[in-house]
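Participant: Turn this into a model:
(chains A and B)
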Amino acid sequence: MKTVKVSGKTVEAAITKALDELNATTKEDIDFKVVEEPSKGFLGIIGSREAVLEASLKIDPVAEGLHFLQQVIADMGVNVEVKTQETGKETILSLTGDDLGVMIGKRGKTLDSLQYLVNLAANRYTDRYYRIILDAEDYRKRRREALEQLADRLALKAKRTGEKVFLEPMVSRERKIIHAALQKNNDVQTYSDGTDPHRYVVIAPK
Amino acid sequence: MKQLVETMARSLVDYPEHVDVTERQQDNTLVLTLTVHESDMGKVIGKQGRIANSLRSVLYAAAAHHQQRVRLDIAE
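Facilitator: Numbers count the residues shown, from 1 in each chain, chains lettered A, B, ... in the order given. Presented below is the predicted three-dimensional model:
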């Protein structure tokens, strides 16, 4: 992150200088810390000291994440566009275009990887973690529905055969969908086994 | 492909100016070697290689789209 150290006769003067150096327009766009308070000194001559502050541009995680994603899309050489959707505490970056298959990958592997990297890039400078979800033409919703159907089907199988059914390894978000889908099912219970990234759901008959 | 790795790595590390990617052709595969500042190694590898694996997934997707074979090595 770019930090500048500026000085001025007063704190206000130093802030103006910092805005100029950081190409920012208002005080709200920057974070600053007063390193030294100004002092008039004796008769305004001896021992007078200028105000010194350290300032940096305030970082907007969503803007950082979006910028990262757009750069990656350009470098990948794919025909994809990004739409931003704010939903309160999280932001959805939705991909549209001709090359969505490339962006999603097998079982969403590329989309999940890219989402992870976008979140890392977005939250690089922030103390509070801001979550960004990457989606591609409702892929997340379609995947959820597919997983819920899979859960129901395998629960029936577990009940019919009386044997445990082991699912393939999934990320935590997808495992959660399976657990939630079968929570109210009285015929089976579910739990996860193994360690990440090979953790998987087990559906066991009751 | 080289540019893609540079872009991603620079956005993750503390010392973007130390990010370097070299490329060489090995048989029909383009081998990219990523070098970062010593203290940034964790930032491109991650816990159990999670970041490195994500970088590879995205890179391989892009390469496959352009009918290329690519490998990404991260130099010690």
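
Participant: and the gap between residue B:17 and chain A?
Facilitator: From residue B:17 across to chain A, the span is 13 Å (CB to the nearest CB, to the nearest Å). Bear in mind the C-beta positions are built from the backbone N, C-alpha and C, glycine included.

Participant: So is stretch B:59-74 next to chain A?
Facilitator: Yes - for stretch B:59-74 and chain A, the contact criterion (CB under 8 Å from any CB of the partner chain) is met by B:61, B:62, B:64, B:65, B:66.

Participant: Quick one: end-to-end length of that stretch, please.
Facilitator: Taking CA to CA, to the nearest Å, the span from the opening residue of stretch B:59-74 to its closing residue is 13 Å.

Participant: What residues of that stretch count as buried?
Facilitator: Buried positions in stretch B:59-74, judged by neighbour count with 16 or more other CB atoms under 10 Å in any protein chain shown: B:59, B:60, B:61, B:62, B:63, B:65, B:70, B:72, B:74.

Participant: who touches the longest helix seen in chain B?
Facilitator: Across chain B, the helix with the greatest residue count (assigned by DSSP state H) is helix B:50-65. With contact meaning CB atoms under 8 Å, 6 or more residues apart in numbering or on different chains, helix B:50-65 is reached by A:72, A:75-78, A:99, A:102-103, A:105, A:109-110, A:112-114, A:116-117, A:120, A:197, B:1, B:4-5, B:8-9, B:12, B:30, B:32, B:43-46, B:69-70, B:72, B:74.

Participant: Check stretch B:24-34 too.
Facilitator: Residues from elsewhere that reach stretch B:24-34 (CB under 8 Å, 6+ apart): B:1-2, B:5, B:9, B:19-23, B:44, B:59, B:63, B:68-75.

Participant: Helices - which of those land there?
Facilitator: Among those, the members falling in helices (DSSP H) are B:2, B:5, B:9, B:44, B:59, B:63.

Participant: Do I have it right that the fourth one meets residue B:13?
Facilitator: Yes - between residue B:44 and residue B:13 there is a contact at 6.6 Å, judged by CB atoms under 8 Å.

Participant: Now do the shared contacts for the two.
Facilitator: Residues touching both residue B:44 and residue B:13 comprise residue B:36, with contact defined as CB under 8 Å, 6+ apart.

Participant: is the helix or strand harbouring residue A:114 anywhere near chain B?
Facilitator: With secondary structure defined by DSSP states H and E, residue A:114 is part of helix A:109-122. Yes - applying CB under 8 Å from any CB, one finds helix A:109-122 in contact with chain B at A:109, A:110, A:112, A:113, A:114, A:116, A:117, A:120, A:121.

Participant: Show me what that helix packs onto, helices and strands only.
Facilitator: In terms of contacts (3 or more CB pairs under 8 Å, 6 or more residues apart in numbering or on different chains; DSSP states H and E), helix A:109-122 is packed against helix A:61-76, helix A:100-104, strand A:132-136, helix B:50-65.

Participant: which residues touch the second one?
Facilitator: Residues lying outside helix A:100-104 but in contact with it, judged by CB under 8 Å, 6+ apart, are A:76, A:78, A:80, A:95, A:110-111, A:114, A:136-137, A:139, B:61-62, B:64-65.

Participant: buried subset of these?
Facilitator: The neighbour-count criterion (16+ other CB under 10 Å) marks A:76, A:78, A:80, A:95, A:110, A:111, A:114, A:136, A:139, B:61, B:62, B:65 among the contacts of helix A:100-104 as buried.
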